[in-house]
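# Please work out how this folds:
(one chain, ligands or ions: 1)
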Amino acid sequence: MKRISNYIDGQLVAPNSGKYLDNIDPSRGEKYGEIPDSDASDVQAATLAAKTAFPMWSKTSREERSRLLLKIADLIDANHEMLAQAESKDNGKPIKLARKVDIPRASANFRFFATAILHESSEFHRTDISTINYTDKSAIGVAGCISPWNLPLYLFTWKIAPALAAGNTVVAKPSEITPMTAFLLSELCIEAGLPKGVLNIVHGLGQKVGQAISEHPDIPVISFTGGTATGKQIAATAAPMFKKLSLELGGKNPNIIFADCDFEEALNTTVQSSFANQGQICLCGSRIFVERPIYERFRDAFVQKVKQLKVGVPSDEETNLGAVVSEGHMKKVLTYIDLAKQEGGKVLTGGNQVRLQGDYAQGYYLAPTVIEGLDFNCRTNQEEIFGPVVTMMPFDAEEEVIMMANSTQYGLAATVWTQELNKAHRVASALKSGIVWVNCWLLRDLRTPFGGVKNSGVGREGGWDALNFFTEKKNVCIKL
Ligand code: NAD
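Prediction:
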């Protein structure tokens with residue numbers, strides 16, 4: 001039974017309360033470890049350590065910051081298999097996904113920002129012959145980074161790496177549902193020789209640890225990824241203190257499939273974009289709109305393919321869908337499937353919990369579920385389910401599908417499938433969405449802006465956006 005620790009001021013330490021929460025293995029539905037049940041006093045200790053380390057770290061040369069962050073990236077790579085196994089066990093995701101996506105992306109995040117700072121430049125504006133301005137950039141101070149459970153190390157490092165690279169020190173909180181790889185990262189940071197207090201990781205509940213980070217007067221900048229309701233609460237806490245906020249929130253992403261698409265490509269990618277990570281990626285499409293001339297053909301082929309997906313033990317190489325993250329989340333998804341039926345939906349495949357054999361009989365497994373026959377504006381099609389459930393709807397006209405796609409409170413990501421270039425541009429431009437993928441899904445270039453509109457968030461991460469977020473700019477105007 002693994003009991004993990006907080007990482008504060010360079011040390012692995014127990015929570016002040018001495019209390020621990022259970023860490024559940026979702027593939028077996030049983031406790032396999034313990035997590036610090038930290039509180040505001042631990043956040044206080046972490047913030048003090050970060051505040052103390054800030055003058056030193058913010059003055060450390062770019063080359064040295066880069067070297068240390070690259071060392072962490074190298075250590076993640078060197079421990080790739082151990083971290084992938086840990087992520088798969090903690091989250092329930094298939095091991096092949098953790099190996100291919102989660103862990104490589106965590107080291108890529110460090111590498112990307114560690115090298116970006118070596119190429120950063122600043123602006124200069126000449127007002128007239130005798131007046132010049134230059135933009136002085138500096139780190140802000142102690143950054144708060146709060147992340148969710150769906151892509152644990154991937155999203156945790158997506159925040160921490162730019163914050164540290166820009167010269168801030170960090171108080172970070174991973175999800176209490178999937179804390180393991182953040183803990184393992186703290187061990188790697190010690191091994192890499194990251195100076196004490198530069199990164200602090202406090203484990204525990206959102207209402208205690210997350211709230212204490214949002215409230216803390218010495219944490220002026222917060223990057224949060226998680227649910228929209230939590231984002232609202234953080235914004236309400238932080239706004240009166242004028243904290244700088246980046247909020248990456250929920251989604252209800254549309255896939256728009258026109259009749260002129262490359263049918264096989266659209267089909268195969270839409271199966272992935274629906275059910276990768278058990279549908280628990282904020283970028284997964286959950287509403288599939290198909291142009292009427294190909295609706296039935298696409299639907300039947302889609303259902304056929306979904307039926308072939310294997311729901312299984314995460315450590316099995318053949319598994320396509322592992323366990324969903326928790327019992328509570330499984331129940332929530334099942335409740336939405338019931339709601340869809342009440343709203344008149346017809347379940348074409350799935351719709352049920354899957355019981356595996358032996359040690360895994362109590363695990364949280366759901367069959368990939370496809371539902372049709374629902375109105376675009378019913379609750380099932382408006383609310384985020386965040387599980388292996390998609391709906392399918394036919395459409396007749398471009399304006400109609402744009403209206404339906406834009407009808408939710410969310411606006412994170414969308415896919416558009418068509419061979420006609422002008423149509424792709426038109427639709428991409430009309431979608432109220434932070435990201436539009438045309439004839440592809442989840443192709444990520446870390447330089448591009450990432451974020452949502454409407455209730456999917458505020459601000460952009462990625463590339464210079466992330467470094468700018470963690471940087472204060474000052475204009476210095478000189479009369480010569
Ligand atoms: P969540 O909002 O429940 O939790 C996210 C984090 O916030 C956790 O670490 C949690 O402990 C913490 N938290 C909870 N209450 C808090 C509070 N009052 N103050 C501060 N922190 C608090 O989200 P989740 O269930 O972990 O993740 C799923 C959600 O995340 C989905 O809505 C999904 O769409 C969203 N998500 C969005 C993106 C994106 O980039 N937009 C990426 C991944 C996940």
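# Now the element after the helix or strand hosting Ser58, going C-ward?
Per DSSP states H and E: Ser58 is located in helix 40-59. With elements assigned by DSSP H and E, the helix or strand that comes after helix 40-59 is helix 62-78.
# What residues of that following helix count as buried?
Arg65, Ser66, Leu68, Leu69, Leu70, Lys71, Ile72, Ala73, Leu75, Ile76, Asp77 (16 or more other C-beta atoms under 10 Å). Backbone N, C-alpha and C define where each C-beta goes, glycine included.
# just how off-centre is stretch 27-40 within its chain?
A distance of 21 Å separates the centroid of the chain from that of stretch 27-40, by C-alpha atoms, centre = their mean, to the nearest Å.
# So for it, mean pLDDT?
Mean pLDDT, computed over stretch 27-40, is 98.
# from memory Ser5 sits against Glu34, does it?
No. Between Ser5 and Glu34 there is no contact under C-beta atoms under 8 Å: 10.1 Å.
# Give me the residues contacting the lowest-mean-pLDDT helix or strand in the chain.
Of all helical and strand segments in the chain, the minimum by mean pLDDT, DSSP states H and E falls on strand 2-3, at a mean of 93. Under the criterion C-beta atoms under 8 Å, 6 or more residues apart in numbering, residues Tyr20, Asn23, Tyr32, Gly33, Glu34, Met180 lie in contact with strand 2-3.
# next one: stretch 120-136
Arg62, Lys137, Trp464, Leu467, Lys473, Lys474, Asn475, Val476, Cys477, Ile478, Lys479, Leu480.
# now stretch 67-84
By C-beta under 8 Å, 6+ apart, stretch 67-84 touches 95, 98-99, 102-104, 106-108, 110-111, 113-115, 153, 161, 164-165, 181, 184-185, 188-189, 191-194.
# Give me the sheet partners of whatever helix or strand Ile478 lives in and which way each runs.
Assigned by DSSP H and E, Ile478 falls within strand 471-479. Applying DSSP bridges, strand 471-479 is found paired with strand 131-139 (antiparallel).
# I'd like to check the angle between the very next helix or strand once past the strand it pairs with and helix 40-59, please.
Heading C-terminal from strand 131-139, the first helix or strand you meet, by DSSP H and E, is strand 142-146. Counting by axes from the mean of the first three to the mean of the last three C-alpha atoms, to 10 degrees, strand 142-146 lies at 120 degrees to helix 40-59.
# The ligand contacts on the stretch 51-200 of the chain?
Ile146, Ser147, Pro148, Trp149, Asn150, Leu155, Lys173, Ser175, Glu176 (C-beta under 6 Å from any ligand atom).
# Just list the residues touching the fourth one, thanks.
Yep, that's Trp149 we're talking about. So Trp149 contacts Asn91, Ser175, Ile177, Thr178, Val325 (C-beta under 8 Å, 6+ apart).
# Apart from its chain neighbours, what residue comes closest to Ile213?
The spatial neighbour of Ile213 that comes closest, neighbours along the chain excluded (C-beta to C-beta, 6 or more residues apart in numbering), is Gly144 at 4.1 Å.
# That neighbour and Ser223 touch, don't they?
Yes. Gly144 lies in contact with Ser223 (C-beta under 8 Å); the separation is 7.3 Å.
# and the residue in the stretch 251-400 of the chain that the ligand sits nearest to, what element?
Proximity of the stretch 251-400 of the chain to the ligand (C-beta to the nearest ligand atom) peaks at Cys282, 3.2 Å away. For Cys282, there is no host helix or strand (DSSP H and E).
# Leu245 is in contact with Gly459, isn't it?
Yes. Using C-beta under 8 Å, Leu245 is in contact with Gly459, at 6.9 Å.
# returning to that earlier point: per-residue pLDDT of the residue nearest to the residue of the stretch 251-400 of the chain closest to the ligand when sequence neighbours are not counted, please?
Of all residues not flanking Cys282 in the chain, Gly251 sits nearest, at 5.2 Å (C-beta to C-beta, 6+ apart). For Gly251, the model assigns a pLDDT of 98.
# State the number of residues packed around the nearest residue in space to Asp25 that is not next to it in sequence.
Nearest non-adjacent residue to Asp25, counting by C-beta to C-beta, 6+ apart: Tyr32, 4.3 Å away. By other C-beta atoms under 10 Å, 16 other residues sit near Tyr32.
# I'd say Val324 and Met330 touch.
Yes. Val324 is within contact range of Met330, at 5.0 Å (criterion: C-beta under 8 Å).
# ok, those two, which is more surrounded?
Neighbour count, other C-beta under 10 Å: between Val324 and Met330, Val324 has more, with 29 against 22.
# Is the more buried one part of a helix or strand, or is it coil?
coil (DSSP: H, G, I helix; E, B strand; the rest coil).
# For Asn150, see how far away it is.
The gap separating Val324 from Asn150 is 10 Å, by C-beta to C-beta, to the nearest Å.
# sorry, back to before: quick one: the residue of the stretch 251-400 of the chain closest to the ligand from Glu384, how far?
From Cys282 to Glu384 the distance is 9 Å (C-beta to C-beta).
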